[in-house]
Every structure is written in C-alpha cells, then in structure tokens.
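J.: when you get a sec, could you give me coordinates for this:
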Amino acid sequence: MTACDLYPVLPAGFKTDAALEVLRDILVLPEITALRIPAGWTPEATQLSQLVDLLHANGVAMILEVAGSLAGTPKSLLGICDGLHATNVEDLVSLRKAVGSDMPVGCLCTNRDDAMKSGESGADYVAFPPGDLELVKWWSSVMELPGVAENIRNTEDASSAITAGADFLAIPLQFDGKDAERFSAMAVLAAG
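T.: Alright, predicted model coming up:
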C-alpha cells in the first residue's frame with residue numbers, strides 16, 4: 001500500500017501518439033492507479049484500443065473528464081472508461097443521475113461547501129485546486145472520502161500534498177522529455 005496514489009492527467013489537445021510513448025514509460029509504476037483523459041478528446045478507434053490495452057496491462061483506470069453533460073462525450077469513450085471527473089458540483093449531480101452508482105464519479109471542488117456537497121451528492125473522490133493545501137489538510141482530517149491534490153508539478157509540490165494528507169496526486173503530463181523522470185521521483189515519495 002502506498003502513502004498516496006499517482007494520477008496522471010493528460011492536457012487538452014494532447015497528441016495521442018506522443019501520449020502513448022510517454023505512458024508506456026510511466027504506467028509501469030505501481031503507484032499510478034488512474035489516468036485522466038480531458039473532455040473533448042475524440043480518438044480514432046486504433047488509438048483508443050492502444051490506450052485501453054496499455055491501461056489494462058498496467059492495472060490503471062481510465063477516468064474521463066466531462067464538461068457539463070454527457071451529451072457531447074463520444075460513446076466509444078463512455079463505454080470503456082472506468083470513471084468520470086466532474087469540474088464542479090452541479091455537473092457531478094447531473095453525471096451521478098445519468099450513470100447511477102455503477103460508475104465512480106469524482107469532482108473538483110474549490111471550497112469546503114462544494115466539497116461537502118460533493119460528498120453528499122455521491123462523489124467517489126473530491127479534488128482540490130492547485131496549491132490549496134489547507135483545504136486538502138482539512139478534508140483529510142475530517143472525511144474518509146479520498147482527496148486529490150491537483151496540478152502537482154514537481155517533488156516539492158508532491159511532498160507538500162502528501163504531508164497535507166492527499167490520497168491522490170493529480171500530475172499533469174508535460175511532454176517535455178522529463179515526464180518519466182518526474183513520475184519516478186514522485187513515485188518514491190508516494191510509496192512512503
């Protein structure tokens with residue numbers, strides 16, 4: 001068991017071939033348990049199959065970010081994703097109604113009230129904005145529902161978020177040639 005899990009986040013507009021190359025190197029880390037796909041990604045069937053095979057081979061869940069409703073989300077993604085990520089409480093409520101309790105749904109929350117509402121509305125995890133470690137610390141001290149520290153970019157951010165009690169570190173992929181090195185260093189911290 002790790003002190004926390006790593007949760008890579010693909011950026012909007014990412015190039016699938018470049019992402020697959022980087023993901024092959026990092027998904028082998030046992031601390032990585034989920035990958036977030038940005039809203040609006042419309043993959044070709046071959047690319048989607050390659051990504052799904054890579055995720056399954058490494059035991060990593062595919063979490064699909066949804067902006068608003070599911071209406072604009074490709075059915076090919078909805079049918080294979082392992083969970084959804086809402087960008088606010090209102091979207092969480094509508095997503096939870098749409099998918100029921102069969103699929104995990106997480107939510108980005110910017111304050112305590114939204115975090116509490118998310119928990120009451122059936123969120124499976126609550127994510128907190130970049131740098132808001134006080135909110136992460138408060139959440140981890142009073143709630144059992146997992147907390148995600150967003151936008152962790154380096155080992156200093158990771159160490160601070162782990163100390164604050166984050167259960168997951170959402171780490172944006174940067175495609176700068178250093179993602180594998182960055183994730184390896186954060187995996188050491190996450191392993192506790």
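J.: and Leu78, what does it touch?
T.: 64, 70 (Cβ atoms under 8 Å, 6 or more residues apart in numbering). Using the backbone N, CA and C atoms, a C-beta is placed for each residue, glycine as well.
J.: and the gap between it and Val89?
T.: To Val89, Leu78 is 21 Å away according to Cβ to Cβ, to the nearest Å.
J.: looking at this structure, which residue ends up farthest from its center?
T.: Thr46 (23.2 Å; Cα atoms, centre = their mean).
J.: what's in contact with the helix or strand harbouring that one?
T.: Secondary structure from DSSP states H and E places Thr46 in helix 45-57. Contact partners of helix 45-57, identified using Cβ under 8 Å, 6+ apart, comprise 16-17, 19-20, 23-24, 27, 35, 43, 61-62, 76-77, 80.
J.: can I get the buried part of those residues as one ChimeraX selection?
T.: Here is the ChimeraX command that picks out the buried ones among these, judged by 16 or more other Cβ atoms under 10 Å:
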select :16,19,23,27,35,43,61,62,77
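J.: next step: the contacts of helix 45-57 restricted to strands.
T.: The strands, defined by DSSP state E, take in 35, 61-62 from the contacts of helix 45-57.
J.: can I get the CA coordinates of the lowest-mean-pLDDT helix or strand in the chain in CSV?
T.: Least confident helix or strand, the chain: helix 75-78 with a mean of 87, by mean pLDDT, DSSP states H and E. C-alpha atoms of helix 75-78 as CSV (Å, rounded to 0.1, in the frame of the first residue of the first chain):
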residue,chain,number,x,y,z
LYS,A,75,-20.0,6.8,-26.8
SER,A,76,-16.8,4.9,-27.6
LEU,A,77,-15.2,6.5,-24.6
LEU,A,78,-18.2,6.2,-22.3
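J.: return the distance of it from the chain's centre.
T.: Taking the mean C-alpha point of helix 75-78 and that of its whole chain, the gap between them comes to 18 Å (Cα atoms, centre = their mean, to the nearest Å).
J.: host element of Lys117?
T.: Under the criterion of DSSP H and E, Lys117 resides in helix 112-120.
J.: CA atoms only for that helix - export them in CSV, please.
T.: Presented in CSV, the C-alpha positions along helix 112-120 are these (Å, rounded to 0.1, in the frame of the first residue of the first chain):
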residue,chain,number,x,y,z
ARG,A,112,-15.4,23.4,1.8
ASP,A,113,-19.1,23.9,1.0
ASP,A,114,-18.6,22.4,-2.5
ALA,A,115,-16.5,19.5,-1.1
MET,A,116,-19.3,18.7,1.5
LYS,A,117,-22.0,18.9,-1.2
SER,A,118,-20.0,16.7,-3.5
GLY,A,119,-19.7,14.1,-0.8
GLU,A,120,-23.4,14.3,-0.1
